[in-house]
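Visitor: any chance you can model this:
(one chain, ligands or ions: 1)
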Amino acid sequence: MAEERQLETLIIGAGTTGLLVAQGLKKAGLPFRIFEYESPSTYQTRPREWGMTLHWGSEHVSKVLPPELVARMSETYADPTVSPDAVTGLPIFNGKTGEQIVEMKAEKPVRVSRKKLRNLFSEGVAVEYGKEVVDIQEAEVEEGGVKREKVRVVFKDGTDAVGDLVVGCDGARSRARECIVGKEKAELTDVPLSMFNFTSRFTAEQALELRKLNPLFINAIHPDHGTMFWISIQDAPDPSDPSTWLFQLLLSWTHNPLPASQNTQEGRMAFFKKRASEYAEPWRSAGEWVKEDCRIPMDPGTYWGKAERWDNRGGRMTIAGDAAHPMTPHRGQGLNNALQDAVHFSSAVALAASGTKTLKEAIDDYDKEVLERGMLEMQISLKQTMFIHNWETLMASPMVKLGMRQAKKEEAEAELNGGQEE
Ligand SMILES: Cc1cc2nc3c(=O)[nH]c(=O)nc-3n(C[C@H](O)[C@H](O)[C@H](O)COP(=O)(O)OP(=O)(O)OC[C@H]3O[C@@H](n4cnc5c(N)ncnc54)[C@H](O)[C@@H]3O)c2cc1C
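Guide: Model (predicted):
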């Protein structure tokens with residue numbers, strides 16, 4: 001039996017993952033501190049927010065979030081009036097003809113707002129804002145005459161904090177991952193993917209038209225050029241007034257990136273309008289209705305191709321969420337896996353604190369499971385991304401067999417052995 005200890009966890013990043021880790025530790029009565037790079041105001045006014053499909057990950061939320069917050073989960077929905085039973089999955093259409101090709105089945109899917117989810121999960125959690133972590137170091141500290149192995153996080157403002165272990169929940173471009181595995185091994189791998197992911201409001205009439213086929217989301221793939229055009233509800237401040245609804249639009253394609261000369265706001269808008277005009281309704285009209293002054297950013301696709309077992313320094317340093325498995329978004333798995341990580345991590349710390357396992361044993365087990373699950377899902381999501389943007393491979397993409405559900409190890413391996421596009 002290992003020693004029973006009050007282990008203090010330092011959480012880097014108050015995104016969904018970090019906040020759910022905090023809730024899990026709080027529920028277990030374990031001490032923690034949580035540090036967020038943004039200031040309290042920029043945390044609420046980020047220029048980039050998006051919606052996410054929460055499906056199989058919901059069961060993990062209810063394991064650690066207090067019941068009074070679980071009861072308020074609908075506050076995080078893009079449209080709180082659409083219940084988890086309202087739809088059975090994401091319909092995928094032929095972008096040229098408008099015919100439905102397949103439904104990507106999902107377990108009680110809801111569209112949640114990243115921002116609203118953070119706001120609910122942060123209730124009762126004392127986030128320390130404006131604290132950008134720049135380094136993580138092993139530290140030895142004397143406590144009551146006993147030397148203890150600890151960990152120190154160093155902030156950009158010159159201050160630091162010491163705890164028993166650290167978990168990096170600092171997103172896809174994780175500084176924590178860099179500190180743990182080194183800059184080169186932490187590097188993201190580029191995917192030949194281009195994405196316009198942006199938001200727009202429409203007139204009440206237009207907004208109603210865009211939700212006619214499905215109240216949450218519709219997705220189309222164009223057979224001629226393999227672009228994907230996604231439309232989903234992102235926020236409904238007044239569900240009874242469609243003119244207040246905010247939509248998320250995502251146009252993505254593989255290979256053929258926009259030449260630098262066209263990668264300007266005007267160039268991206270012209271490309272978006274041209275592609276949208278080639279789609280069936282309602283995508284074609286959505287493209288027309290987007291106002292010329294709507295800002296369209298360009299995002300690349302990435303994942304952690306160099307992922308391998310990291311040295312957790314005796315269980316004192318690890319990662320969770322996008323920091324551990326950044327992936328392409330076309331299977332809607334990043335958030336759902338992040339929620340599972342958060343629950344597994346807080347359970348691992350509880351096992352170490354109770355003396356059931358040593359810290360090293362508990363975090364070794366956590367790391368092993370997260371890495372294996374994360375690596376499989378990064379690969380399946382990558383296959384989904386590459387296959388759906390090509391009409392020839394579309395029906396062989398993971399969504400057809402798996403829908404949006406979490407792949408079991410054997411079926412994930414079988415899916416991956418089914419061939420990867422060059
Ligand atoms: C277009 C798009 C659509 C998606 N759709 C879905 C979907 O439908 N379903 C799904 O499951 N997933 C989806 N995802 C993935 C999902 O958004 C992510 O998996 C999830 O948001 C990850 O949360 P996180 O807390 O790990 O990271 P983040 O949300 O990135 O949070 C990281 C936090 O750490 C902070 N931080 C960063 N660096 C530091 C530092 N050095 N010091 C201190 N703090 C720091 C950041 O400010 C931030 O608050 C989508 C992603 C994209 C891009």
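
Visitor: who's in contact with the residue of the chain most remote from its centre?
Guide: Centroid-distance maximum for the chain: Gly145 at 43.6 Å, with CA atoms, centre = their mean. Taking CB atoms under 8 Å, 6 or more residues apart in numbering, we find Gly145 in contact with no residue. Placement of C-beta: from N, CA and C, glycine included.

Visitor: spell out the residue ranges of the strands in the stretch 301-422 of the chain.
Guide: 317-319 (DSSP state E, counting those that start in this stretch).

Visitor: which strand is the longest one in the chain?
Guide: When the chain is parsed with DSSP state E, its longest strand is strand 189-201.

Visitor: can you point out the buried residues in stretch 404-415?
Guide: Buried residues in stretch 404-415, counted by 16 or more other CB atoms under 10 Å: 404-407, 411-412, 415.

Visitor: what residues does this structure put near the ligand?
Guide: 12-18, 35-38, 50, 52-53, 114, 132-133, 169-171, 175, 197, 250, 321-322, 329, 332-336, 338 (CB under 6 Å from any ligand atom).

Visitor: give me the buried subset of these.
Guide: 12-18, 35-38, 50, 52-53, 114, 133, 169-171, 175, 197, 250, 321-322, 329, 332-336, 338.

Visitor: what distance separates the start and the end of stretch 89-101?
Guide: 13 Å (CA to CA, to the nearest Å).

Visitor: OK, contacts around the residue lying closest to Met375 once chain neighbours are set aside?
Guide: Spatial nearest neighbour of Met375, excluding adjacent residues (CB to CB, 6 or more residues apart in numbering): Ala307 at 5.4 Å. Counting by CB under 8 Å, 6+ apart, Ala307 makes contact with 324-325, 371, 374-375, 378.

Visitor: most neighbours among these, which one?
Guide: Compared across the contacts of Ala307, Ala324 has the highest neighbour count, 29 neighbours, by other CB atoms under 10 Å.

Visitor: so that residue makes contact with Ala342?
Guide: No: if you go by CB atoms under 8 Å, Ala324 and Ala342 don't touch, sitting 11.0 Å apart.

Visitor: excluding residues flanking it in the chain, which one is nearest Asn336?
Guide: Of all residues not flanking Asn336 in the chain, Gly57 sits nearest, at 3.2 Å (CB to CB, 6+ apart).

Visitor: no, scratch that, I was asking about Pro40
Guide: Closest to Pro40 by CB to CB, 6+ apart is Tyr129, at 4.8 Å.

Visitor: which residues does the one you found contact?
Guide: 14, 36, 38-40, 43.

Visitor: where's Leu250, which helix or strand?
Guide: strand 246-254 (DSSP states H and E).

Visitor: okay, the angle between that strand and strand 189-201?
Guide: Interaxial angle, strand 246-254 versus strand 189-201 (axes from the mean of the first three to the mean of the last three CA atoms, to 10 degrees): 150 degrees.

Visitor: immediately after strand 246-254, which helix or strand?
Guide: helix 265-277.

Visitor: so what does that following helix touch, helix or strand wise?
Guide: Here helix 265-277 touches strand 246-254, helix 283-289, going by 3 or more CB pairs under 8 Å, 6 or more residues apart in numbering; DSSP states H and E.

Visitor: got a markdown table for those, with mean pLDDT too?
Guide: Listed next are the helices and strands packed on helix 265-277 as a markdown table, based on pLDDT from 0 to 100:
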| stretch | mean pLDDT |
| --- | --- |
| strand 246-254 | 98 |
| helix 283-289 | 98 |
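
Visitor: just the element for the closest residue to the ligand within the stretch 51-200 of the chain, please.
Guide: In the stretch 51-200 of the chain, the residue that lies nearest the ligand is Gly171 (2.8 Å; CB to the nearest ligand atom). Assigned by DSSP H and E, Gly171 belongs to no helix or strand.

Visitor: which residues does the strand holding Leu250 contact?
Guide: By CB under 8 Å, 6+ apart, strand 246-254 touches 50-51, 191-202, 207, 210, 225-237, 272, 275-276, 286, 290, 301, 330, 385-386, 389-390.

Visitor: quick one: it to helix 265-277, angle?
Guide: For strand 246-254 against helix 265-277, the angle by the same axes, to 10 degrees is 90 degrees.
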